[in-house]
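**Student:** Make a model of this:
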Amino acid sequence: VEPAEGVITAKTEQVFTVRFAPEEVDDFVYILEANMPSLPAEAERLKLQLRGRSLRPVCHFELVEAPDYLAKRSPHMKNERGQPGPIEASSVRVAELQSKGTRVRNTKRFHVVNPTSSSYEFTWEPLGDPNPAWRSATPK
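**Tutor:** Numbers count the residues shown, from 1 in each chain. Alright, predicted model coming up:
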């Protein structure tokens with residue numbers, strides 16, 4: 001909590017920042033209680049209950065994204081649903097490849113990290129109309 005201590009002068013306000021940075025997947029409950037010695041003894045203490053939930057991604061793609069690709073992408077190209085138009089899913093991430101010519105093999109490698117304690121089987125599947133220019137070099 002920032003600031004952790006200080007003075008709130010009469011007829012003013014103070015903004016506090018609470019940071020939540022869990023290291024494990026869980027539901028968390030935390031109670032903040034303000035210690036305000038200048039309040040009358042019979043005054044109820046200020047308590048604030050905070051709740052947080054941490055989630056772990058199923059997997060994490062370690063790749064350098066092309067942040068401007070979606071902005072310059074032709075609106076007539078097919079989207080993730082195979083229909084002409086912009087990409088609609090906010091979860092889509094772009095890895096852009098550039099070719100030095102035709103009949104040249106271009107390879108993009110990236111890591112996928114599984115942070116869970118379970119193993120996953122996977123199969124890459126094309127979305128929309130498959131194009132023979134693209135294929136996965138990683139076997140199932």
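**Student:** And for the lowest-mean-pLDDT helix or strand in the chain, what's in contact with it?
**Tutor:** The weakest-scoring helix or strand in the chain, judged by mean pLDDT, DSSP states H and E, is strand 60-62 (a mean of 81). By C-beta atoms under 8 Å, 6 or more residues apart in numbering, the surrounding residues in contact with strand 60-62 are 93, 110-113, 115. C-beta: built from backbone N, CA, C; applies to glycine.
**Student:** Any of these buried? List them.
**Tutor:** Among the contacts of strand 60-62, none is classed as buried by neighbour count (16 or more other C-beta atoms under 10 Å).
**Student:** Which of those residues fall within strands?
**Tutor:** Counted as lying in strands by DSSP state E, out of the contacts of strand 60-62, are 111-113.
**Student:** Nearest to residue 102 among the contacts of strand 60-62?
**Tutor:** For those, the minimum distance to residue 102 (C-beta to C-beta) is 24.1 Å, reached by residue 110.
**Student:** where does the closest one land on pLDDT?
**Tutor:** As predicted, residue 110 sits at a pLDDT of 85.
**Student:** returning to that earlier point: turn the ones in strands among the contacts of strand 60-62 into JSON lines, including distance to residue 101.
**Tutor:** Below are those laid out as JSON lines (distance: C-beta to C-beta, whole Å):
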{"residue": "111", "distance to residue 101": "28"}
{"residue": "112", "distance to residue 101": "29"}
{"residue": "113", "distance to residue 101": "33"}
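**Student:** Residue 134: which of these is nearest?
**Tutor:** residue 112 (17.6 Å).
**Student:** How many residues are close by the closest residue in space to that closest one that isn't next to it in sequence?
**Tutor:** The shortest distance from residue 112 to any non-neighbouring residue, by C-beta to C-beta, 6 or more residues apart in numbering, is to residue 59 (5.2 Å). Neighbours of residue 59 under the rule other C-beta atoms under 10 Å: 12.
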